[in-house]
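*Asks:* Coordinates only, no sequence provided:
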């Protein structure tokens, strides 16, 4: 029953959007009526999504999708997250978020009616494309032809709270760019005043903040669930999320800096189209199964072709409009050796090069396989040695960019920065000399600390310190950059200075980790509702009274016959101690211990960046 | 000039779409990569034994005998999974020559691995820099190749072999 409601409301919602799309040419609507229709179709799409969720919650196995991906023994939260833990459901979530964005956009004030309407018509067009994709190739409401009492389970690796919220937040980022895309296209068609830039800024900041959160959650999940000890693997799916993120970063910066320069406006339109194109391209790569990764879902060529077609239409349409209706160029850029505009241009160029480098590495295997019938993989070494050096000048620049002048080459208090930089360099050189020299470690630490230091100097020397909301809005760019600096320190330390220890242990053995004695207490197996767990219990630092307990082990999911590893992580502010329980051999357990310094800084940096994103949304 | 700049994204888009479309239509499966080496001569290699650096194996040494080549390493956990199967093969097909290539592994670790889990191979060649794997087009460990008496590669499998694969795909060729 819920499947029927879901399917009908989905079809009805697509129908309404079709009607609205035609309204541009045939039926004329009042603004009020038009907005009502948009909201109604959004609610229908939501209804459709919640019908599917309901089928999951009540374990309605007459729905084929639920039968394939759920199980009545699963805890409620994973029944709910199971809704989007599969291809069909996640596409419905995609569409649902698209609708939610349209819904909220229809309430935007201070923009011209026709402009708003046109934006929403483009949204309706996107809704039709993706809606048809769902109905025709990925219908989550198919009826199960056989009568069954039990489902086939959910991929156990997805049974994790972090991953339950990761897709919706990531999708909010991806799909949020649809609004930015629609605004930019509508702007090209209508050539209105610059009001649209402020609107676009708000939406692109929202999307970017969600995307940041989604990526961070995903990599945090990979960190503690995959049990590989790292948090970023240059997996194709990670690259796919990183591309719109970097392009979105360029977009956000351009939107904040634009002061009526036509060239930058043109560039903003280009980036807006690019961001959404990359999002759709990412959807294509993941959904077609064309690239292998940890995210592989069942691949199906017809789906791949359909979504490739959508990608082609959306991107082709976007860039074609851009080609035909490009904004006219009038005033030139005020480029100096080092002022705000030139910093912005450099920043944008670097980010675009980085995006293209990642794009090349991601699609290169496809091109090679088509041309030479050979399989190659492009992984960490390529990306580390290309993307990171490209970004370095940008990181150097961002430390001072917010305080650069618009009109002149002068930097206020330049002496302070020079002195600070020299002192910092000496300190970092000393640190590397006495501790552990590593080129990347040196560069990363210097950059990270320099960004933080320069931003703090800028805050204290350029503004009057007041504790109120306005002040926090003014210093927001610096705060964002401090977040980046902290994240860079975390990234550098955790990847360059990671330490790995291997042990073969019996229960009751004591061993030494980083100067602390650890006791391997015992192995425990328990039966949980939907899995069996095997846990090694460790007591960290037993010489002190407050020793900490760490559990590392594996889960066995009998329904899907899969084993997942569960790393045991002891979080400390300056390092994570990461335990992985290996196999048993000759009564000895293989235990791997990784010491990851300053991992928490990565998450802290990301949280600061997201905070600044939200503050910037409220700032005009 | 400006026009070209604006046209670039469209051209890039077209190229990406064409390649992706060809890829999808050719029915390629990302889990089953092609091998350009199938039915070709086994690449020329030369490798010393893990246990005795003076003991060298060359391509011509495996001519005239059916050979199963397996790339493995002590750090590769899927290799551990398939390892016991080689003893089965050994028992069932004593005349089949089992050649293992130890890929990018410290000698101590490799020896320890083969001591702990047993050594099913007739010869363990060292491929410490991965050059032999490169010649064979190894994509990821483990990988297994079957070479016939004429020195041609007649079968390739990526990933750990399983009982099913052994029964249905490898044994018919033996």
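*Replies:* Structure's in. What do you need? Source: prediction; values computed, not measured.

*Asks:* Look up the closest residue to the residue in the stretch 101-250 of chain A that chain B sits nearest to, ignoring the ones flanking it.
*Replies:* At 10.0 Å from chain B, residue A:236 is the closest residue in the stretch 101-250 of chain A, using CB to the nearest CB. Bear in mind the C-beta positions are built from the backbone N, C-alpha and C, glycine included. Excluding its sequence neighbours, the residue lying closest to residue A:236 (CB to CB, 6 or more residues apart in numbering or on different chains) is residue A:291, at 4.1 Å.

*Asks:* With residue B:82 instead?
*Replies:* residue B:160 (3.7 Å).

*Asks:* Quick one: residues contacting the one you found.
*Replies:* B:78, B:79, B:81, B:82, B:142 (CB atoms under 8 Å, 6 or more residues apart in numbering or on different chains).

*Asks:* run the last query once more with 10 Å
*Replies:* B:72, B:76-83, B:85, B:141-144 (CB atoms under 10 Å, 6 or more residues apart in numbering or on different chains).

*Asks:* Widest-spaced pair of the residues you listed?
*Replies:* B:77 and B:144 (16.1 Å; CB to CB).

*Asks:* Tell me which of the two has more neighbours.
*Replies:* Between residue B:77 and residue B:144, residue B:144 has the larger neighbour count (other CB atoms under 10 Å in any protein chain shown), namely 22 against 13.

*Asks:* How is chain A partitioned into domains?
*Replies:* According to automatic domain parsing, chain A is divided into the following domains: A:1-155, A:399-497, A:499-600.

*Asks:* So what's the gap between stretch B:76-84 and the chain middle?
*Replies:* Centre-to-centre, stretch B:76-84 and its host chain are 14 Å apart (CA atoms, centre = their mean, to the nearest Å).

*Asks:* re earlier: could you redo the contacts of residue B:160 as JSON lines and give each row pLDDT, distance to residue A:446 and secondary structure?
*Replies:* Shown next, in JSON lines, are these (pLDDT from 0 to 100; distance: CB to CB, whole Å; DSSP: H, G, I helix; E, B strand; the rest coil):
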{"residue": "B:72", "pLDDT": "88", "distance to residue A:446": "42", "secondary structure": "strand"}
{"residue": "B:76", "pLDDT": "70", "distance to residue A:446": "37", "secondary structure": "coil"}
{"residue": "B:77", "pLDDT": "66", "distance to residue A:446": "37", "secondary structure": "helix"}
{"residue": "B:78", "pLDDT": "68", "distance to residue A:446": "40", "secondary structure": "helix"}
{"residue": "B:79", "pLDDT": "77", "distance to residue A:446": "41", "secondary structure": "helix"}
{"residue": "B:80", "pLDDT": "75", "distance to residue A:446": "42", "secondary structure": "helix"}
{"residue": "B:81", "pLDDT": "75", "distance to residue A:446": "44", "secondary structure": "helix"}
{"residue": "B:82", "pLDDT": "82", "distance to residue A:446": "46", "secondary structure": "helix"}
{"residue": "B:83", "pLDDT": "85", "distance to residue A:446": "46", "secondary structure": "helix"}
{"residue": "B:85", "pLDDT": "85", "distance to residue A:446": "51", "secondary structure": "helix"}
{"residue": "B:141", "pLDDT": "74", "distance to residue A:446": "37", "secondary structure": "coil"}
{"residue": "B:142", "pLDDT": "79", "distance to residue A:446": "42", "secondary structure": "coil"}
{"residue": "B:143", "pLDDT": "84", "distance to residue A:446": "42", "secondary structure": "strand"}
{"residue": "B:144", "pLDDT": "87", "distance to residue A:446": "47", "secondary structure": "strand"}
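
*Asks:* Which secondary structure state does the residue nearest to residue A:236 sit in?
*Replies:* On the three-state scheme (DSSP: H, G, I helix; E, B strand; the rest coil), residue A:291 is labelled coil.

*Asks:* In contact with it, which residues?
*Replies:* A:235-237, A:239-240, A:285, A:299, A:362-363, A:365-366, A:377, B:30.

*Asks:* Just give me the neighbour total for residue A:474.
*Replies:* 15.

*Asks:* From the contact counts, what lies against the one helix or strand in chain A whose mean pLDDT sits lowest?
*Replies:* Ranking every helix and strand in chain A by mean pLDDT, DSSP states H and E puts strand A:562-566 at the bottom, with a mean of 74. Secondary-structure packing of strand A:562-566 (3 or more CB pairs under 10 Å, 6 or more residues apart in numbering or on different chains; DSSP states H and E): helix A:195-225, strand A:532-540, strand A:548-557, strand A:575-585.
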